[in-house]
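> here's my sequence, what's the structure:
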Amino acid sequence: MRSVPLQSLAARALCVGVLLAALALPAGALGATRPQPARPPVEALGALIPLRAEQGCLVARSAPRLGCARVRALGGPAPFLGSQALAISDDGRHLYVASSRSDAIAIFKRDARSGALTQAAGAAGCVAAGGSDGCARARALDGPNSLAISADGRSVYATSLLSDSVAVFRRNPRTGALTQAAGPAGCVVGRTIPGCALGRALDGPDVVVVSPDGSSVYVGSFLGNAVVSFARDAATGALVQPGGASGCVAAAPSDGCATALALLAPEGLAISGDGATVYVAAAAGNALLVLARNSSTGALTQATDGSGCIVASPLAGCTTGTQLAGANAVAVSPDGDDVYVTSLLSNSLTSFTRSSTGALTPQAGTSACAIYVLAVGCSLGRAMRAPEGLAASPDGASVYVTAFGSGALDVFDRDGSGALMQKPRRPGCVVVRPTPDCTRGRALLGASAVVVSPDGRHVYAAAFRSNAVTVFKRITRSMTRGQG
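Residues are numbered from 1 along each chain as shown. As a prediction, the model looks like this:
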């Protein structure tokens, strides 16, 4: 027999040993030895990744393409008075956009996995004044600027600044299509429009919210210096304004409304998760108002002991705060512990701690505010000139701000105390024009509104000047699990 070198026998034995060991492993174990995709670092939580090519943005058919998909009824989305022009249904299936130049609401189906948006053909893909652009026909939709969806997903409400109106639509949960009710059930207006119900204090309505219990709808009247209250019919979605002071609060006695301090040009509304408090960002009042809500009647009242309003300049009955000039968007954190406000003229984002009664206390130190031009006592907010839109992620880890002047989407980390700090370097901002310390994005000129999907996996921003909606993947906790 031919002799075999000892080295060869050892090598064979090693190979056989490895093979036997491999055969003894559980099924699939060999695959586990392959290189695995690296998880994002824990500090990347909340960071944004723009989707590529046409999945990453949608533009109006008349606008420069910018590599985006062309769609209908997307002219002038999220106008300057339209920081709440985006709304996603609670089931996460559909995104709605108020498009002021198109006099329309664009409707998009959302892919839960990729976040990509698609528009149905014909009337299922949009509603518009006069049925333009192949959309379903709508009334009282002249310059729509803000949207709200009821928690049951059955109703969509749209304010229109130019027609002094609130349009009421029934939503098909399966297709997302909107249908406006005939007659007065389909619209409430501040001036006579045939076929619509007449409401009080509806002068230049700018923003709308629905209470968590679905029984009330509130509208901020920018030109009327008022917040209008409606009782909502849960079965039909129709709105009825209560009589007297229960139907509205205003800066001055008018239309039978109750009066409220610092309620000048309300541009932002948010309601706490418990439904007990409505917060109002008043642009001309340079103020954040705290209104107590009666859960039985929906009526709003304001305390005059200093807890009912926080103002930039001293005002009797209010507390003096900081960086609130041109307050225009407000959001309550998902846990209900904090309230955040963007202010256009201050170029700032301010933070408040919320008590169990709804009262607000400014955050301490530099956590109290971030500002575009660094001010004493505030942190620096990069690419945050003329901040407009505001949204908090469902997991409470992130806050996003759209900056109209910078053409940017800014990313803030939120810690356990509710304090905010902008992410460092490029993850902290996405901008339309290249800068060394921000990520470059597309179609963000005049960015005004932002919304986070209910599953927290995607972020959407609407930009007025780009006539576009951009789509971002968001780094979530599941992507960073097991680290740090």
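> for the stretch 1-150 of the chain, give me the ranges with low pLDDT.
Scanning the stretch 1-150 of the chain for pLDDT under 70 picks out 1-38.
> just the helices in it please.
Remark: helices assigned in the stretch 1-150 of the chain by DSSP state H, counting those that start in this stretch are 6-24.
> for it, what spans make up the strands?
Using DSSP state E, counting those that start in this stretch, the strands found in the stretch 1-150 of the chain span residues 48-50, 57-60, 69-71, 86-88, 94-99, 104-110, 117-118, 126-129, 136-138, 144-149.
> send me the last one as PDB with only the CA atoms.
Written as PDB, here are the backbone C-alpha positions of strand 144-149 (Å, rounded to 0.1, in the frame of the first residue of the first chain):
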ATOM      1  CA  PRO A 144     -57.300  73.900   1.400                       C
ATOM      2  CA  ASN A 145     -54.500  74.100   3.900                       C
ATOM      3  CA  SER A 146     -55.000  71.600   6.800                       C
ATOM      4  CA  LEU A 147     -56.400  68.100   7.400                       C
ATOM      5  CA  ALA A 148     -57.500  65.900  10.200                       C
ATOM      6  CA  ILE A 149     -58.800  62.300  10.300                       C
END
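> please state the offset of the helix or strand following it from the chain centre?
For strand 144-149, the following helix or strand on the C-terminal side (DSSP states H and E) is strand 155-160. A distance of 15 Å separates the centroid of the chain from that of strand 155-160, by Cα atoms, centre = their mean, to the nearest Å.
> now the angle between strand 94-99 and strand 155-160, please.
Put simply, strand 155-160 runs at 20 degrees to strand 94-99, going by axes from the mean of the first three to the mean of the last three Cα atoms, to 10 degrees.
> could the C-alpha coordinates of strand 155-160 be exported in PDB?
Output in PDB follows, covering the C-alpha atoms of strand 155-160 (Å, rounded to 0.1, in the frame of the first residue of the first chain):
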ATOM      1  CA  SER A 155     -64.100  61.000   8.500                       C
ATOM      2  CA  VAL A 156     -61.700  63.500   7.000                       C
ATOM      3  CA  TYR A 157     -61.900  67.200   7.600                       C
ATOM      4  CA  ALA A 158     -60.300  69.900   5.500                       C
ATOM      5  CA  THR A 159     -60.000  73.600   6.300                       C
ATOM      6  CA  SER A 160     -59.800  76.100   3.400                       C
END
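> adding mean neighbour count and distance to Phe404, write the strands of the stretch 1-150 of the chain out as a markdown table.
Yep, even glycine has a C-beta here, placed from its N, CA and C like the rest. Converted to a markdown table, these look like this (neighbours: other Cβ atoms under 10 Å; distance: least, Cβ to Cβ, whole Å):
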| stretch | mean neighbour count | distance to Phe404 |
| --- | --- | --- |
| strand 48-50 | 21 | 18 |
| strand 57-60 | 27 | 17 |
| strand 69-71 | 19 | 22 |
| strand 86-88 | 23 | 14 |
| strand 94-99 | 28 | 15 |
| strand 104-110 | 25 | 20 |
| strand 117-118 | 18 | 22 |
| strand 126-129 | 26 | 24 |
| strand 136-138 | 20 | 27 |
| strand 144-149 | 27 | 13 |
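> nearest to Ala375 among the ones you listed would be which one?
Nearest to Ala375 among these is strand 48-50; the distance by Cβ to Cβ comes to 26.4 Å.
> partners of that closest one, with directions?
Looking at strand 48-50 with DSSP bridges, its partner strands are strand 468-474 (antiparallel).
> residues in contact with the following helix or strand past the strand it pairs with: which ones?
Per DSSP H and E, the first helix or strand lying C-terminal to strand 468-474 is helix 477-480. Applying Cβ atoms under 8 Å, 6 or more residues apart in numbering, the external contacts of helix 477-480 come out as 39-42, 44-45, 395, 397.
> can you put the residues you listed in CSV and add neighbour count and distance to Tyr157?
Listed next are the contacts of helix 477-480 as CSV, based on neighbours: other Cβ atoms under 10 Å; distance: Cβ to Cβ, whole Å:
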residue, neighbour count, distance to Tyr157
Arg39, 14, 41
Pro40, 15, 37
Pro41, 13, 41
Val42, 14, 39
Ala44, 16, 36
Leu45, 21, 33
Asp395, 18, 27
Ala397, 20, 29
